[in-house]
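1. Show me the folded form of this:
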Amino acid sequence: MGGSQSASRRPYQGTRDRGTRRARGGHPRTAARVHVKPSGFPVDAEVTVDKKGQFQKKTAFYIRLNNGTVGLDEAEKQKYTATRWPS
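-> Below you'll find the predicted structure:
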């Protein structure tokens, strides 16, 4: 094999485009970073939920927690909004 490897056997090589990387198998994947300013008041989201093939619309309250998004029930929402947006 010598000192060089063929392109198909080369280990992961990042591309020069920012935000684009090659995953295993050579397929590109793109990452995005979104900056959003915090709201000055609580906002409920209208979401569509798939329940066993039936799509239902519901209103829910979500917060960002660590690197994820968490839905809060009504009691948790009241506690959170009281501390996040005090009157």
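
2. C-alpha only now, for contacts and for neighbours.
-> Fine.

3. Which stretches in this protein count as strands?
-> Along the chain, the stretches classed as strands by DSSP state E are 20-22, 28-30, 45-51, 54-65, 68-72.

4. List the neighbouring strands of the second one plus their orientation.
-> Spelled out, it's strand 28-30. Here strand 28-30 is paired, per DSSP bridges, with strand 20-22 (antiparallel).

5. Please apply the same query to the fourth one.
-> Each strand paired with strand 54-65, and its direction, by DSSP bridges: strand 45-51 (antiparallel), strand 68-72 (antiparallel).

6. could the ones you listed go into TSV alongside mean neighbour count?
-> Listed next are the strands paired with strand 54-65 as TSV, based on neighbours: other Cα atoms under 10 Å:
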stretch	mean neighbour count
strand 45-51	11
strand 68-72	11
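
7. Which of those strands sits closest to Ala82?
-> The minimum distance between Ala82 and the strands paired with strand 54-65 falls on strand 68-72, with 13.6 Å, by Cα to Cα.

8. Other residues contacting the closest one?
-> Strand 68-72 is contacted from outside by Ala60, Phe61, Tyr62, Ile63, Arg64, using Cα atoms under 8 Å, 6 or more residues apart in numbering.

9. so which one among these has the lowest pLDDT?
-> Ranked by pLDDT, the contacts of strand 68-72 bottom out at Arg64 (89).

10. And the closest residue to that one other than its chain neighbours, how close does it get to Arg29?
-> Nearest non-adjacent residue to Arg64, counting by Cα to Cα, 6 or more residues apart in numbering: Val70, 6.3 Å away. With distances taken as Cα to Cα, to the nearest Å, Val70 is found 25 Å from Arg29.

11. how about low-confidence regions in the protein?
-> Residues of the chain meeting the criterion pLDDT under 70: 1-27.

12. same thing but at 80, please
-> Where the chain drops to pLDDT under 80, the residues are 1-31, 87.
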